[in-house]
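Engineer: Return atomic coordinates for the entry below.
(one chain, ligands or ions: 2)
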Amino acid sequence: MLEVRHLSRSYEMNGQSVFALRDVSFSIARGEYAAIVGPSGSGKSTLMHILGCLDSPSSGSYRLDGRDVSSLSEDALARVRGETIGFVFQSFHLIPRMSALENVSLPLLLCGTPVRECQARAAALLKRFGLEDRLHHRPSQLSGGQQQRVAIALALCRDPALLLADEPTGALDPAATREVLSLLDEMHREGRTVLLITHDRHVAERADRQLRIEKGCLVQDSGQNLAESPYNM
Ligand SMILES: Nc1ncnc2c1ncn2[C@@H]1O[C@H](COP(=O)(O)OP(=O)(O)O)[C@@H](O)[C@H]1O
Ligand SMILES: [Mg+2]
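Structural biologist: Residues are numbered from 1 along each chain as shown. Ligands and ions are numbered 1, 2, ... in the order given. Presented below is the predicted three-dimensional model:
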C-alpha cells in the first residue's frame, strides 16, 4: 500500500542542507500493522508528514496505493488525504471550542455529508469508544485518554484505509496508553493498515513489524533483511 524508494528530505538551514531523512526505502502491505521507531530527532515525524501527503520528499519516490503522489497537485493531495488517511497526533489536535461530537462530525460536514448523518456517524463512533456520556464535552473537559479517543474517532470518521499515528501515546499515562494501543489493535483487526510512530520501544512492540530509524536512515526492519533488500544495494 505504501512504497518509498530512496526517499530523502532535507531542510535548508543558514544556506546549508540538513538531512532529516536520507535514502529511505521500504514497503508496507495493505493491512499491515507496522511501527516506525527511533530516538527523538531521528526523522520520524518528517517521514510521517511525507507518508501522510502533508509534505513532499526532496528526492526519491513515494507511491500510495500504486499512485505516485509526489507529482500530485495540492488539491489532489488533499483529496487523497481525506479519502485514504486518518491521522492521530501526540497532542490530539482537537478544536477547543467544539464538543467531542462536533469535532468528530466536522470532516464529514466539510465533505458534504448531511448534518443528521454526520452526527449519527460521529455519535456511533464515540459510543463505540466508550464516550457515550461525553458527546457534548469540550476537549478541556476531558482527560488526555478521552481526548485521544475522540481524536481516533475523528481520524476514523471517513473510514480511511490507512491510519497514521505519530506518538499517539506520548502525552498519556500508562492506563490511557493501554486503551489507545488496544484501539489501534482493533483498527488493524478490522483490516486497516496501521502505522504507529513512536520513540518508545515498548509501544513499538505492539506492532507486527518494526522499522528502526536513526539519524534519518532506516537501520533495521524486522520484516526484512535490509542488507539483502534490492533497494539498498
Ligand atoms: N521544518 C524544519 N526545518 C528544519 N529542520 C527540521 C524541520 N523539521 C524537522 N527538522 C529537523 O529534522 C530532524 C528530524 O526531525 P523530526 O522528523 O521531527 O524527528 P522525530 O519526529 O523523530 O523526533 C531534526 O534534526 C529536526 O531538527
Ligand atoms: Mg516526532
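
Engineer: For this structure, give the residue positioned nearest to ligand 2.
Structural biologist: Nearest to ligand 2 in the chain, going by Cβ to the ion, is Ser45, at a distance of 3.2 Å. For every residue, glycine as well, the C-beta is placed using N, CA and C.

Engineer: that's a strand at that residue, yeah?
Structural biologist: No: using DSSP: H, G, I helix; E, B strand; the rest coil, the assignment for Ser45 is helix, not a strand.

Engineer: next one: the lengthiest helix in the chain to chain centre, how far?
Structural biologist: Of all the elements of type helix in the chain, the one with the most residues (DSSP state H) is helix 174-189. Centre-to-centre, helix 174-189 and its host chain are 14 Å apart (Cα atoms, centre = their mean, to the nearest Å).

Engineer: Could I get the average pLDDT for it?
Structural biologist: What helix 174-189 shows for mean pLDDT is 95.

Engineer: what element comes up after that helix heading to the C-terminus?
Structural biologist: strand 193-198 (DSSP states H and E).

Engineer: Is that next one in proximity to ligand 2?
Structural biologist: No: judged by Cβ under 5 Å from the ion, strand 193-198 and ligand 2 are separated, with a smallest distance of 7.0 Å.

Engineer: Use 10 as the first number from now on
Structural biologist: With the count now opening at 10, the last piece we talked about shows up as strand 202-207.

Engineer: buried stuff in that strand?
Structural biologist: Thr202, Val203, Leu204, Leu205, Ile206, Thr207 (16 or more other Cβ atoms under 10 Å).

Engineer: could I get those as JSON lines with pLDDT?
Structural biologist: Shown next, in JSON lines, are these (pLDDT from 0 to 100):
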{"residue": "Thr202", "pLDDT": "97"}
{"residue": "Val203", "pLDDT": "97"}
{"residue": "Leu204", "pLDDT": "98"}
{"residue": "Leu205", "pLDDT": "97"}
{"residue": "Ile206", "pLDDT": "98"}
{"residue": "Thr207", "pLDDT": "97"}
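
Engineer: could you check the angle strand 202-207 makes with the longest helix of the chain?
Structural biologist: 150 degrees (axes from the mean of the first three to the mean of the last three Cα atoms, to 10 degrees).

Engineer: now for helix 183-198, which elements pack on it?
Structural biologist: Counting contacts by 3 or more Cβ pairs under 8 Å, 6 or more residues apart in numbering; DSSP states H and E, helix 183-198 packs against strand 42-46, helix 153-165, strand 171-175, strand 202-207.

Engineer: Any buried residues in it, and which?
Structural biologist: Ala185, Thr186, Glu188, Val189, Leu190, Leu192, Leu193, Met196, His197.

Engineer: what does it contact?
Structural biologist: 40, 42, 138, 152-154, 157-158, 161, 165, 172, 174, 177-178, 181, 203, 205, 212, 215 (Cβ atoms under 8 Å, 6 or more residues apart in numbering).
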